[in-house]
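[1] please find the sequence and the predicted model below.
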Amino acid sequence: MSSFNAYFGLLRVGWVLVREGVVISLPSEGLPPSVSLAKSFVGMFARKRAKSQARSDRLAKAVERLGPSYVKIGQFLATRPDVVGVDMANDLSQLQDRMAFFPQATATAAIESSLGRRIDNLYVSFGEPIAAASIAQVHPAEIETAEGRRRVAVKVVRPGVRQRFVNDIKAMYLVAGLQERFLPSSRRLRPVEVTRTLEQTTKVEMDLRLEAAALSEIAENTEKDPGFRVPKVDWERTGRDVITMEWIDGVKMSDVEGLKAAGHDLDTLADTLIQSFLRHTLRDGFFHADMHPGNLFVDAAGMIVAVDMGIVGRLGKKERRFLAEILYGFITRDYLRVAEVHFEAGYVPAHHNTESFAQAIRAIGEPIHGQPAETISMGKLLTLLFEVTELFDMETRPELVMLQKTMVVVEGVSRMLNPRFNMWKASEPVVGEWIRNNLGPKRIVADLKDGLKAAVKLAEAIPEIATKTEKFHHELLHMSENGLRFDVQTAEAIGKAEAKHSRSGRLALWVIALALIYIAWHLS
């Protein structure tokens with residue numbers, strides 16, 4: 001029944017995309033003649049007004065019809081240009097995360113259920129919602145403190161959104177599975193793994209305790225950083241379905257004229273933003289992965305305040321080192337080293353030739369070195385790098401693609417504040433310091449310390465490893481003497497799997513038949 005619902009969910013999504021003209025707006029280059037013919041056929045079912053709209057407008061309308069969870073799916077895919085293509089990712093990134101408000105009484109009930117206290121015992125006042133997104137909506141409120149009344153922002157999860165997302169993600173898994181099965185060229189992008197990442201990311205985002213934890217962690221990391229902070233969390237009034245945090249009075253970074261009127265130095269803000277992002281990425285390995293201008297404020301003191309930490313990214317020590325070496329290699333035009341780093345990291349399969357890959361890297365780096373510094377985009381460099389690595393079977397690295405997309409967004413905000421923004425000059429203090437501390441003598445000392453810790457842990461585990469090895473040895477001897485046998489449960493499981501496979505085939509035939517009836521009914 002679950003698979004049956006997924007097929008019908010997929011049919012509904014396809015029908016909405018057809019009706020809103022999204023399917024006919026997709027590029028046809030490289031498609032087989034049969035697919036192009038099918039695309040022309042379904043174009044007859046598109047609404048007339050949709051045909052005159054831009055593709056981004058058609059997408060927005062389709063997502064609006066499909067519901068809140070598809071807004072989140074679209075926004076996630078906007079961070080994966082490797083999967084949907086650069087043009088489609090740009091269109092998806094324009095999706096507005098503005099949804100209809102749900103009733104205040106519903107929000108009150110959710111808060112009381114999550115925190116186990118009455119609303120009037122939690123807040124002195126609790127106002128009507130002021131912003132609503134696909135996952136939650138925000139209310140202004142006031143609390144009583146030792147210093148007097150304090151204004152806070154209260155974020156409440158949208159009712160029923162979890163179950164709605166669970167139902168919708170099944171259709172995504174179905175598409176991903178079909179893609180891997182029938183489009184071998186797409187397997188390097190690991191569509192099923194991408195869907196699993198989407199599912200995990202959104203589940204985390206729907207638990208507001210985890211967003212509170214992310215705010216708390218980045219607050220500790222950036223406590224002494226100049227010009228950047230995040231709102232303080234009120235843990236007493238935070239639970240799975242609600243988070244209460246400091247109210248931010250400031251100007252949104254999307255309001256450039258407002259920033260000028262408030263007397264802020266836009267060039268300084270642009271430099272501070274990119275430097276803060278690079279500190280979080282290289283120094284901490286933990287960064288805000290949704291830093292669009294709507295989530296960035298500037299307070300009266302000129303501090304950048306980042307809100308909405310539902311989506312975050314992490315990089316391990318090795319990934320941070322690889323990233324720094326790749327960037328440094330481009331700066332110094334050491335393309336062979338850039339290529340070697342890709343092979344050392346396992347990003348490119350070992351059967352390819354390092355020198356040939358370095359040649360491809362040179363094709364990206366040399367044109368960049370011929371341009372003025374203020375026109376060189378780090379985000380564009382990473383995008384071109386991914387396009388070239390496709391030729392060398394580089395598999396998708398979700399953490400790096402999220403980093404790339406966030407870097408493009410952050411750099412775009414900086415250029416919005418300062419059109420002549422010099423990415424390399426602004427980032428040099430942070431990147432240079434990190435390279436000096438982590439790619440020189442200090443790195444050797446750090447690696448020795450890490451190696452010593454690993455050796456101690458291995459020594460502690462040796463008795464357990466020996467016991468498991470001996471047990472495995474006895475099991476192998478027993479198998480060699482008596483053969484490999486299935487127990488009753490294993491045989492039953494195989495039988496059930498085969499029966500399920502047969503049922504899936506019959507269900508697929510029913511879905512096709514019903515789809516034909518549905519289309520015929522609309523044509524009549």
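    Yes, it's here. Numbering: from 1, shown residues only.

[2] just the helices from the stretch 301-450 of the chain, written as ranges.
    317-332, 335-345, 354-369, 378-389, 398-417, 423-438, 441-482 (DSSP state H, counting those that start in this stretch).

[3] out of the ones you listed, which gets nearest to R237?
    Smallest distance to R237 across the helices of the stretch 301-450 of the chain (CB to CB): 29.5 Å, for helix 398-417. From N, CA and C alone the C-beta is placed, and that goes for glycine too.

[4] what separation is there between V456 and I462?
    Using CB to CB, to the nearest Å, V456 is found at 11 Å from I462.

[5] with G14 instead?
    Taken as CB to CB, the span from G14 to I462 is 57 Å.

[6] ok, these two, which is more surrounded?
    Counting neighbours by other CB atoms under 10 Å for G14 and for I462 shows that G14 has the greater number, 16 against 9.

[7] might you report the residue contacts of the more buried one?
    V23 (CB atoms under 8 Å, 6 or more residues apart in numbering).

[8] quick one: secondary structure of it?
    With DSSP: H, G, I helix; E, B strand; the rest coil as the basis, G14 sits in helix.

[9] so for it, what's the pLDDT?
    Here the pLDDT value assigned to G14 is 75.

[10] and I130, how close does it get to A214?
    22 Å.

[11] and if you look at G127?
    Distance from G127 to A214, by CB to CB: 25 Å.

[12] these two: which is more packed in?
    The residue with more neighbours, out of G127 and A214, is A214; 20 against 13, by other CB under 10 Å.

[13] my read: that one touches D308, true?
    No. A214 is not in contact with D308 according to CB atoms under 8 Å; the separation is 10.1 Å.

[14] contact partners for F421?
    By CB under 8 Å, 6+ apart, F421 lies in contact with D267, A270, E374, E411, S414, R415.

[15] where does pLDDT dip in the stretch 351-500 of the chain?
    368-383, 385-390, 395-401, 439-451, 453-454, 458, 476, 478-500 (pLDDT under 70).

[16] mind doing that once more with 90?
    For the stretch 351-500 of the chain, the stretches with pLDDT under 90 are 351-353, 357-358, 360-416, 419-500.

[17] same thing with the stretch 1-150 of the chain?
    For the stretch 1-150 of the chain (pLDDT under 90), the answer is 1-101, 131-135, 145-148.

[18] the stretch 201-350 of the chain now?
    Those would be 201-206, 254, 282, 289-295, 308-335, 337-350, if you go by pLDDT under 90 across the stretch 201-350 of the chain.

[19] as a check, name the ranges of all strands in it.
    Ranges of strands within the stretch 201-350 of the chain are 228-229, 233-234, 242-246, 250-252, 286-288, 296-299, 304-306, 312-314, based on DSSP state E, counting those that start in this stretch.

[20] so how far is A133 from the residue nearest to E344 when sequence neighbours are not counted?
    Excluding the flanking residues, the one nearest E344 by CB to CB, 6 or more residues apart in numbering is F322, at 7.4 Å. Distance of F322 to A133, given as CB to CB: 34 Å.

[21] now do V18
    According to CB to CB, V18 and A133 sit 27 Å apart.

[22] of the two, which one has the most company?
    V18 (22 against 19).

[23] the more buried one against V42, yeah?
    Yes. Here V18 reaches V42: they are 4.9 Å apart, a contact under CB under 8 Å.

[24] residues near D207, how many?
    Residues within reach of D207, counting by other CB under 10 Å, total 17.

[25] typo on my end, W424
    For W424, using other CB under 10 Å, the count is 14.

[26] what's the answer for K61, then?
    With other CB under 10 Å as criterion, K61 counts 19.

[27] distance from the chain centre to stretch 466-480, please.
    Centroid separation between stretch 466-480 and its chain, computed with CA atoms, centre = their mean, to the nearest Å, is 43 Å.

[28] let me see the residues that make contact with stretch 147-158.
    Under CB under 8 Å, 6+ apart, the answer for stretch 147-158 is 68, 99, 102, 107, 110-111, 123-124, 126, 132, 134-144, 206, 208, 211, 231, 234, 237, 240-248.

[29] do that again at 6 Å, thanks
    Contacts to stretch 147-158, defined as CB atoms under 6 Å, 6 or more residues apart in numbering, come from residues 107, 110, 136, 138-139, 141-143, 241-245, 247.

[30] now, of those, which are buried?
    Burial by neighbour count, judged by 16 or more other CB atoms under 10 Å, picks out A107, A110, A136, V138, H139, A141, I143, D241, V242, I243, T244, M245 from these.

[31] quickly find the element holding the fourth one.
    Just to be clear, that refers to V138. In the assignment (DSSP states H and E), V138 maps to strand 136-145.

[32] buried set for the next helix or strand after that strand?
    Remark: after strand 136-145, the chain's next helix or strand is strand 148-157, criterion DSSP H and E. Buried residues in strand 148-157, defined by neighbour count with 16+ other CB under 10 Å: V152, A153, V154, K155, V156, V157.

[33] what's the angle between strand 148-157 and strand 242-246?
    Between strand 148-157 and strand 242-246, the angle comes out at 140 degrees (axes from the mean of the first three to the mean of the last three CA atoms, to 10 degrees).

[34] with adjacent residues omitted, what lies nearest to P349?
    D393 (5.3 Å).

[35] and the strands of the stretch 201-350 of the chain as JSON lines, adding distance to A60?
    Output for the strands of the stretch 201-350 of the chain, formatted as JSON lines (distance: least, CB to CB, whole Å):
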{"stretch": "strand 228-229", "distance to A60": "32"}
{"stretch": "strand 233-234", "distance to A60": "33"}
{"stretch": "strand 242-246", "distance to A60": "28"}
{"stretch": "strand 250-252", "distance to A60": "21"}
{"stretch": "strand 286-288", "distance to A60": "25"}
{"stretch": "strand 296-299", "distance to A60": "23"}
{"stretch": "strand 304-306", "distance to A60": "25"}
{"stretch": "strand 312-314", "distance to A60": "26"}
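
[36] single out the most deeply packed of those.
    Of those, the one with the most neighbours on average (mean count of other CB atoms under 10 Å) is strand 242-246, at a mean of 25.

[37] with distance to T222 added, can I get the helices of the stretch 301-450 of the chain in JSON lines?
    Output for the helices of the stretch 301-450 of the chain, formatted as JSON lines (distance: least, CB to CB, whole Å):
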{"stretch": "helix 317-332", "distance to T222": "17"}
{"stretch": "helix 335-345", "distance to T222": "27"}
{"stretch": "helix 354-369", "distance to T222": "31"}
{"stretch": "helix 378-389", "distance to T222": "21"}
{"stretch": "helix 398-417", "distance to T222": "15"}
{"stretch": "helix 423-438", "distance to T222": "13"}
{"stretch": "helix 441-482", "distance to T222": "22"}
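
[38] just name the most buried of the ones you listed.
    Counting by mean count of other CB under 10 Å, the most buried of the helices of the stretch 301-450 of the chain turns out to be helix 398-417, with a mean of 21.

[39] tell me which strands and helices it is in contact with?
    Contacting helix 398-417 under the criterion 3 or more CB pairs under 6 Å, 6 or more residues apart in numbering; DSSP states H and E are the following elements: helix 266-278, helix 378-389.

[40] repeat that for 7 Å
    helix 266-278, strand 312-314, helix 378-389 (3 or more CB pairs under 7 Å, 6 or more residues apart in numbering; DSSP states H and E).

[41] partners of the shortest one, with directions?
    Spelled out, that is strand 312-314. strand 286-288 (antiparallel) (DSSP bridges).

[42] now what about the partner strand, what contacts it?
    E217, I218, N221, F277, H280, T281, A306, M309, V312, G313, R314, T406 (CB atoms under 7 Å, 6 or more residues apart in numbering).

[43] who's the closest residue to the fifth one other than its chain neighbours bridged to?
    Here the nearest residue to H280 in space, its sequence neighbours aside, is F287; by CB to CB, 6+ apart that works out to 4.1 Å. When bridges are assigned using DSSP bridges, the partners listed for F287 are G313.

[44] many thanks, we can stop here.
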